[in-house]
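Engineer: Show me the folded form of this:
(chains A, B and C)
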Amino acid sequence: MKYSGYILLAIVWLALPFVLERHAIDLLVFCGFYAVAGAGVGFLLGQGGIVNLGQAAFYGLGAYSSAYCTVQLGLPAPVGILTGVVVSLCLAFLIGRPILRLSGYFLALATLALGIICSNLFYEAEFITGGTLGIPGVPKLSVLGFALDTPTKFYFLIWPVAVLCVLSMRSLMSSRIGLAMQAMRDAPEAAMVLAIDISRLKLWMFLISSVLGSVAGSLFAHYVGFVNVDSFGVERSIFFLLVPVIGGAASPAGVLVGALFVGLVPEALSVLGDIHRVLFGLALVATVVFFPDGLIGLLKRLADTCIPARRQALKMEQSR
Amino acid sequence: MSMMLLAQACATGITNGLIYALVGLGMAVIFKGSRLINAMHGELAVVGAATAVYCVEIAMWPTWLAVTMGMLIAMVLSTLVDIGLVRRLFNRNAREESFLLLTVGLGFTFSAAVLYVFGREEHLLPAFGDEIYEVAGAIIREQTIWIVGIAAFILIGLKLFYKYTDFGLAMMAASIDPDGAATTGINVRLMRTATFALGGLMAAVAGLLVTPMIGVSYQMGPILTLKGFAAAVLGGLTNPLGALVGGITIGLLESLSIVYISSGLKDAVALSVLIVIMILVPDGILGRSGRKGG
Amino acid sequence: MTSAPLLELSEVGKNFGGFAALKAVSFTVPTGGITGLMGPNGSGKTTLFNIISGFIAPSNGTVAYRGKAIGHQSVQERSLDGLVRTFQTPKVFERLTVVENVMTGAYKKTRSGLMAGLLNTPASRREIDATREAALATCRKFDLGAVAGKQASLLPAGQRRLLELARAYQGDPQLLLLDEPSSGLTTTEIEAMTDKLRLIASEGITILIVSHDMDLMGIAENIHVLDFGRIICSGSMAEVQENTAVREAYLGV
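Structural biologist: Next comes the predicted model:
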């Protein structure tokens, strides 16, 4: 009974590729990239209160590492992905240590600056990134000799990866380190008194976020087969931030909902022409102002009021 | 030749720097009055400039009227944002990140609106004057003189406003100690709204001044915000003179890096400096009034 | 005084700009029992607490804990050595539940790392379950058993103070620094708080209380009175109340 909702979701998820047309599945794959990269940003935001406006930098590092290693060096795909992760970890470590001493607005704008600097460097480092021309011909991924050469096949890779990320974040949140991270977010001085090493935990969070960004970028490169600078600008970082904001950063599952929103809604609105960006922006503003817990908070509230069993449970909870 | 290049780079750097300083001043005004960093400031500048362009090019209005309209629209927009949205977040005691996300979202919306109305092209406003001067081998356009004059005017005006007018003092008091200010009869909410109106006006002025030189396009908001913020932070965030010095520093660094490094890396250089300054000199290069203090 | 002092301050001073918040403060806290530090608002109590717990460095003088100078140690290092404080306005972790708050108190006693948490290893799960059980026991001890599953932001002031105390207790402190533990509490709540403090002290934990609450100070065996950044009197409650300097400066008699 308890898991019926999840089972239903799983069935829908399995059935979708057989019902939808190719373009729709393609969009869902992109939602998966948003979910993975957004999970990192969401973890920083929800559990650390840190606004990261530079995730596209790590997304780009992952994508370029994979593209360069496979196309220019002829290395196997896992080496490229791993290279991306290592490069991202190094950058996150080097830049994270100093900037994480900042807080609030200052930290957020430092990450935005980091994003713009990296996007500039992607333009300039033509010998690696191919500049505006980019790197074409990134090979398709294959898992156990099974080539992921259609959107449907990739769909069955990226979503389990995204769900795995979310589960992992969830497990972390209820662990010793996760509790300490949340403690640090709510009252840093009190956390210090309990011997919680704040700067180390913040750095760890930033490293986790950068790895997720990089992996998403690598998978993106293999899926699209072509990377160029246009994919790694400020706007991309903002979209990654929107994933947890719209979905709800407090709960790790929020990024899945947020990713679907960010990936699908602009597309759905695009039939209205260029005005769709304005509407999308307004939707974001409305979420921040009216639904601080995001869509997942809204869904929970709806479930609490609409489903009789949950309403009952809630009443019991309150009367205790 | 090289000397002339250097002189020209300095002249350009100072001109751009003054624009960043004006953007930064606007952000500092809003920070002073509300303790918020307005991440949509660059977009407000774009909206102001785009409105003026629209009035000149499509409605065929005279320039002075179009410019006034641009300032008015940005001011009204900024005021409405405070009354309609910021106030709501204050009422619910929202955390800092919510305010940031709100202004980031609004910035995105504004830039999307400008894209919708104008498309992707850059648009120029007619310059305030067409004279060209030569100083130490550098070509200086009349527009630059205007920018210097207006920046100086605003700087002195702000200084006097905060120091000598009751309204300015009340605005500062309302942000530094809201409860204390309220007990002395200051309407804290009204003061914050006034702050946003003033900030919006200043954003528009910066946008209008830059448009005759580099043109306005929907996507220049974030970079303008960041450089303005860099200028403000360099100056210690609450110190108007600091923002001026900070802006010119950023502008010079940028144009010198075009000459000596690469034009594609000018933003990277300026923003790296921003990050380094925030970490090493949190109180700004002029020291004194800390970034958190009044 | 029979045993060696647990905490010893000698000639501790602190200047903020030109203002001397503390001028050459010296006193000791013996091992075991409850020591009080009294003084009117602005007398420098909180500054002193910030110095002892490591949030700010003194301008001059030394702080010795267990016989060793600890001036170079961070807040965290002091906490690992058993020196734990609370705050004047209780700093609870608002978005965690009450029991989770108490669990974080045991952070330094537990070992699971980042990877264990990410991978949800059995060892990590076992440890966190044990931590939770222990924390629940502490919650009951501090009358928080009924609200253990509640989000901390929903607690009233009295329970917040108890929660902060329980959380500090969970980290096995040797010296517990309590900043105004009774402020904002009702009379019955103060009684409950006093009971808990006696209980903690009876387990061999040394307590240093900062307060200007005379009633609460009744439980302290030894009291130091601070005024205008210096100690003006030390002794038992009766001795302090007799002291003319205290009467003039503090009681305003």
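Engineer: residues in contact with residue C:138?
Structural biologist: Taking CB atoms under 8 Å, 6 or more residues apart in numbering or on different chains, we find residue C:138 in contact with C:102, C:105, C:166, C:169, C:170. The way it works is simple: take the backbone N, C-alpha and C, and place the C-beta from them, glycine included.
Engineer: Just say helix, strand or coil for residue B:282.
Structural biologist: Using DSSP: H, G, I helix; E, B strand; the rest coil, the structure places residue B:282 in coil.
Engineer: Would you quantify the distance from the closest residue to chain C within chain B to chain A?
Structural biologist: Closest approach between chain B and chain C, counting by CB to the nearest CB: residue B:95, at 10.3 Å. With the distance defined as CB to the nearest CB, to the nearest Å, residue B:95 ends up 7 Å from chain A.
Engineer: Quick one: neighbours of that residue, just the number.
Structural biologist: Residues lying near residue B:95 (other CB atoms under 10 Å in any protein chain shown) number 14.
Engineer: give me the number of residues near the nearest residue to residue A:297 once chain neighbours are set aside?
Structural biologist: Spatially, and ignoring its direct neighbours in sequence, residue A:297 is nearest to residue A:248 (4.9 Å; CB to CB, 6 or more residues apart in numbering or on different chains). Residues lying near residue A:248 (other CB under 10 Å) number 26.
Engineer: same deal with residue B:175?
Structural biologist: Close neighbours of residue B:175, defined as other CB under 10 Å, add up to 22.
Engineer: ok, now which ones touch the residue of the stretch 51-200 of chain B found nearest chain A?
Structural biologist: Across the stretch 51-200 of chain B, the shortest distance to chain A (CB to the nearest CB) belongs to residue B:109, at 2.9 Å. Residues near residue B:109 by CB under 8 Å, 6+ apart: A:278, A:281, A:282, A:284, A:285.
Engineer: let's see 6 Å
Structural biologist: Applying CB atoms under 6 Å, 6 or more residues apart in numbering or on different chains, we find residue B:109 in contact with A:278, A:281, A:282.
Engineer: So the residue nearest to it when sequence neighbours are not counted, which state does it fall into?
Structural biologist: Spatial nearest neighbour of residue B:109, chain neighbours left out: residue A:281 (2.9 Å); criterion: CB to CB, 6+ apart. For residue A:281, the assignment made with three-state DSSP gives helix.
Engineer: Is residue A:281 in contact with residue B:108, as I believe?
Structural biologist: Yes: counting by CB atoms under 6 Å, residue B:108 is a contact partner of residue A:281 at 4.4 Å.
Engineer: So those two - more neighbours on which side?
Structural biologist: Taking other CB under 10 Å, residue A:281 and residue B:108 do not tie; residue B:108 has more neighbours (27 against 22).
Engineer: Sketch out the low-pLDDT regions of the stretch 101-250 of chain B for me.
Structural biologist: Along the stretch 101-250 of chain B, no part satisfies pLDDT under 70.
Engineer: what ranges do the strands span in it?
Structural biologist: Applying DSSP state E, counting those that start in this stretch to the stretch 101-250 of chain B gives strands spanning B:132-135, B:138-141.
Engineer: Quick one: classify residue C:104 as helix, strand or coil.
Structural biologist: Assigned with three-state DSSP, residue C:104 falls in the helix class.
Engineer: What is the neighbour count of it?
Structural biologist: 26.
Engineer: same thing with residue A:290?
Structural biologist: Using other CB under 10 Å, residue A:290 is surrounded by 10 other residues.
Engineer: cool, the one 5 residues further on as well?
Structural biologist: Neighbours of residue A:295 under the rule other CB under 10 Å: 18.
Engineer: Can you tell me the element it falls in?
Structural biologist: When elements are assigned from DSSP states H and E, residue A:295 belongs to helix A:294-306.
Engineer: quick revisit: distance to residue A:124 for the strands of the stretch 101-250 of chain B - can I get that in TSV?
Structural biologist: Shown next, in TSV, are these (distance: least, CB to CB, whole Å):
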stretch	distance to residue A:124
strand B:132-135	32
strand B:138-141	27
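Engineer: Can you tell me which of these is most buried?
Structural biologist: Stretch with highest mean neighbour count among those: strand B:138-141 (a mean of 18; mean count of other CB atoms under 10 Å in any protein chain shown).
Engineer: So which residue is smack in the middle of the chain?
Structural biologist: In the absence of a named chain, this looks at chain A. Geometric centre of chain A, nearest residue: residue A:38, 1.6 Å, by CA atoms, centre = their mean.
Engineer: Not quite, go with chain C.
Structural biologist: Centre-nearest of chain C using CA atoms, centre = their mean is residue C:177, 2.2 Å out.
Engineer: State the three-state secondary structure for that one.
Structural biologist: Put simply, residue C:177 is strand when judged by three-state DSSP.
Engineer: State the pLDDT value of it.
Structural biologist: In this model, residue C:177 is scored at 95, pLDDT.
Engineer: For burial, what's the neighbour tally of residue 198?
Structural biologist: The chain I'm using is chain A. As a burial measure, residue A:198 scores 19 neighbours (other CB under 10 Å).
Engineer: meant chain B, my bad for not saying
Structural biologist: Neighbour count for residue B:198, taken as other CB under 10 Å: 22.
Engineer: if I look at the residue nearest to residue B:109, how far off is residue A:275?
Structural biologist: Taking CB to CB, to the nearest Å as the measure, residue A:281 falls 11 Å from residue A:275.
Engineer: Check residue C:114 too.
Structural biologist: Taking CB to CB, one finds residue C:114 at 45 Å from residue A:275.
Engineer: In terms of neighbours, single out the busier of these two.
Structural biologist: Neighbour comparison, residue C:114 and residue A:275: the larger count goes to residue C:114, with 19 against 15 (by other CB under 10 Å).
Engineer: That one contacts residue A:177, doesn't it?
Structural biologist: Yes: assessed by CB under 6 Å, residue C:114 is found in contact with residue A:177 at 5.2 Å.
Engineer: can you map out the helices along the stretch 51-200 of chain C?
Structural biologist: For the stretch 51-200 of chain C, the helices defined by DSSP state H, counting those that start in this stretch cover C:75-80, C:98-105, C:114-119, C:122-141, C:157-170, C:187-202.
Engineer: could you dump those helices to TSV with mean pLDDT?
Structural biologist: Shown next, in TSV, are those (pLDDT from 0 to 100):
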stretch	mean pLDDT
helix C:75-80	95
helix C:98-105	97
helix C:114-119	92
helix C:122-141	96
helix C:157-170	95
helix C:187-202	93
